[in-house]
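[1] Need coordinates for the below:
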Amino acid sequence: MTKQDKSLSEQQLKIRQIAAELMQLAMDTIVVNMRFLDIAVFALTPVPKENLLGASTDGKHLYYDPLWLLVMAKEESPFAIRLCLHCLFHCIFLHFYGYDSLEQPLWDLACDLACEDTIASLQIPASGLLKDPGLQSLIARLKRDMNPETEEIYHHSVLWNQMGMSRMEKKKKIPFTAEHIYHFLQEHRPSPTQMKEWSALAHMDEHVTWIQKTEIEPSIEAFRKIAQRVKADLKSFSKAKAGSGSLEVNLSEATRERYDYRQILARFSALSEDIAVNDDEFDYIYYTYGLSHYGNMPLVEPLEYREIRKIRDFVIVIDTSASCREGLIASFLKQTVEILQNSESFFNKVNIHILQCDNQVRKDTVITDLGALGDYASKVKMEGLGSTDFRPAFDYVQQLMDEKKLENMKGLIYFTDGYGIYPEKMPAFKTLFAFMNEDEHRPKLPVWAMSVVLE
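    All right, here's what the predicted structure looks like:
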């Protein structure tokens, strides 16, 4: 090693040492000011990584470039604290969950905005940056766009009253969480210039480690428990400090149960015979023995059928009342179509009724071939804008069953916000209410109904 190389190595070690002390100071500051985050802070280990030119977390480590960190901190002294908070909230809110299946540029922006809004709402000492005025102006504008007061017809008070909506419904707002920001950005796509400007304002870290499944999956489970603990600790914290509303909303989103839609559909399956070789009951030894010893004549024939659980008759009801936004309905339909077309739970020839219903059944579209589902989802037009009453859809389905138009009816999925009149009597089929988001004010479901909050 030359003298110059040795000098460079010593300089690098010195930079590492100073950067490590800065990161430790940032973590200590967070714990002192927000004790409810201590468990999350202790779960994330800072790791120096030269030439990263930024920072990134996998839910277990917080990787950072030491030289980059010192340069950024020299420009703005609160930078290290802000970076740690930003990455901590990514982990607590489980933003890396399902990352590889999302539209990543939009999801990256949505996650960064949710973290930055939470940090701003907590008013943490020594965490402000020069970009904050522009960032807060952007966040305020997006919140207004996501919750318009006059632009959309169903927010007018006269119409609300005509529709018989509850006072609680009128006050409902779409929360500023990554999931809802993401869906909004999908509906109202920013221009390339806007995307670049907004990303620059909200950006703090890189998300390159989020796609590494082997490292991320254990972190998801670990931080799910941490998020639950933070949510519990936050209750006592909130009594003494205001401004935790954004954090609570994001924690509710992170700690809710996630369901695999495929598993949900499997609950509605029926035992039927399918034409296929039954590998579980077929013995290839006797079959090949017969072919070799009896002139290409098998000793046993393979079974030409097997019993499997599949769905033929099924109903999807879409709440087209004024409180359900068309963009979310389209997103639900797209998810449903993709899953059904790739699912082994359905026969190719099906009898799926897709009902549009507000306070009455507006339309019934019958799908007999899974291949037609995609066309329906891309061309469907919503009908209805009234108040919500779930009973007409159930009465209509029962009528179809009585008329033998749904002879093997196994299940109904009702996509809705949950605000409406539920049937008192349990139907003769399994029912799942699929909600678009968590809502603590939502009316209580009947005891016979299942529910799920969709991704």
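[2] Please count neighbours and contacts with C-alpha atoms only from this point.
    OK.
[3] Distance from the chain centre to the helix or strand that contains V32, please.
    V32 is part of helix 3-33 when elements are defined by DSSP states H and E. Distance, stretch centre to chain centre, for helix 3-33: 37 Å (Cα atoms, centre = their mean, to the nearest Å).
[4] counting contacts, what elements does the helix or strand just after it pack onto?
    Per DSSP H and E, helix 3-33 leads on to helix 38-43 as the next helix or strand towards the C-terminus. With contacts defined as 3 or more Cα pairs under 8 Å, 6 or more residues apart in numbering; DSSP states H and E, the packing partners of helix 38-43 are helix 3-33, helix 79-92, helix 213-240.
[5] and L106, which of these is closest to it?
    Among those, helix 79-92 comes nearest to L106, with 15.0 Å by Cα to Cα.
[6] Now do the closest one, average pLDDT.
    In this model, helix 79-92 has a mean pLDDT of 96.
[7] Residues touching it, excluding its own?
    Applying Cα atoms under 8 Å, 6 or more residues apart in numbering, the contact partners of helix 79-92 are 22-23, 26-27, 29-30, 40-41, 44, 56-57, 59, 62, 69, 72-73, 96, 111-112, 115-116, 119, 126-129, 204-205, 220, 223-224, 226-227, 251, 254.
[8] go again using 6 Å as the cut-off
    Helix 79-92 is contacted from outside by 26, 59, 73, 115, 127, 223, 227, using Cα atoms under 6 Å, 6 or more residues apart in numbering.
[9] and the first one, how many residues sit next to it?
    Think A26. 21 (other Cα atoms under 10 Å).
[10] same check, this time on the last one
    Other residues near A227 number 25, with proximity taken as other Cα under 10 Å.
[11] Render the CA-only coordinates of stretch 103-113 in CSV, please.
    The C-alpha coordinates for stretch 103-113 follow below in CSV (Å, rounded to 0.1, in the frame of the first residue of the first chain):
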residue,chain,number,x,y,z
GLU,A,103,-46.2,1.2,-10.3
GLN,A,104,-42.9,2.1,-8.6
PRO,A,105,-42.4,5.8,-9.6
LEU,A,106,-45.9,6.7,-8.4
TRP,A,107,-45.6,4.5,-5.3
ASP,A,108,-42.2,6.0,-4.4
LEU,A,109,-43.7,9.5,-4.6
ALA,A,110,-46.8,8.5,-2.6
CYS,A,111,-44.7,7.0,0.2
ASP,A,112,-42.4,10.0,0.4
LEU,A,113,-45.3,12.4,0.6
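[12] mind starting the numbering at 27 from now?
    Yes, from this point I'll number from 27; that puts the last item at stretch 129-139.
[13] Buried residues, it. List them.
    Neighbour-count burial for stretch 129-139, counted by 16 or more other Cα atoms under 10 Å, picks out 132-139.
[14] just curious, which of those is nearest to I207?
    Of those, the one sitting nearest to I207 (Cα to Cα) turns out to be A136, at 5.4 Å.
[15] ok, the closest one - contacts?
    By Cα under 6 Å, 6+ apart, A136 lies in contact with 204, 207-208.
[16] ditto for V376
    Going by Cα under 6 Å, 6+ apart, V376 touches 338, 394-395.
[17] Am I right that it sits in a strand?
    Yes: V376: assigned to a strand according to DSSP: H, G, I helix; E, B strand; the rest coil.
[18] how much space between it and F459?
    Computed as Cα to Cα, to the nearest Å, the V376 to F459 distance reads 22 Å.
[19] thinking again about what came up before, out of the contacts of helix 105-118, who's nearest Q212?
    C141 (19.0 Å).
[20] which element follows the helix or strand hosting that closest one toward the C-terminus?
    Per DSSP H and E, C141 falls inside helix 130-148. Following helix 130-148 in sequence order, the next helix or strand is helix 158-172 (DSSP H and E).
[21] C-alpha coordinates for that next one, PDB please?
    C-alpha atoms of helix 158-172 as PDB (Å, rounded to 0.1, in the frame of the first residue of the first chain):
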ATOM      1  CA  ASP A 158     -40.400  22.700   3.500                       C
ATOM      2  CA  PRO A 159     -42.400  25.700   2.300                       C
ATOM      3  CA  GLY A 160     -42.700  24.300  -1.200                       C
ATOM      4  CA  LEU A 161     -43.300  20.800   0.000                       C
ATOM      5  CA  GLN A 162     -46.100  21.800   2.400                       C
ATOM      6  CA  SER A 163     -47.700  23.900  -0.400                       C
ATOM      7  CA  LEU A 164     -47.700  20.800  -2.600                       C
ATOM      8  CA  ILE A 165     -49.100  18.600   0.100                       C
ATOM      9  CA  ALA A 166     -51.900  21.100   0.900                       C
ATOM     10  CA  ARG A 167     -52.800  21.300  -2.800                       C
ATOM     11  CA  LEU A 168     -52.900  17.500  -3.100                       C
ATOM     12  CA  LYS A 169     -55.100  17.200   0.000                       C
ATOM     13  CA  ARG A 170     -57.500  19.700  -1.400                       C
ATOM     14  CA  ASP A 171     -57.600  17.900  -4.800                       C
ATOM     15  CA  MET A 172     -58.200  14.500  -3.000                       C
END
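[22] Contacts made by it with the rest, please.
    L227.
[23] can you list the contacts of A136 in CSV and add secondary structure?
    Converted to CSV, those look like this (three-state DSSP):
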residue, secondary structure
A204, helix
I207, helix
Y208, helix
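[24] remind me which residues of the stretch 327-476 of the chain are low pLDDT?
    By pLDDT under 70, the low-scoring segments of the stretch 327-476 of the chain are 327-337, 348-354, 365-375, 464.
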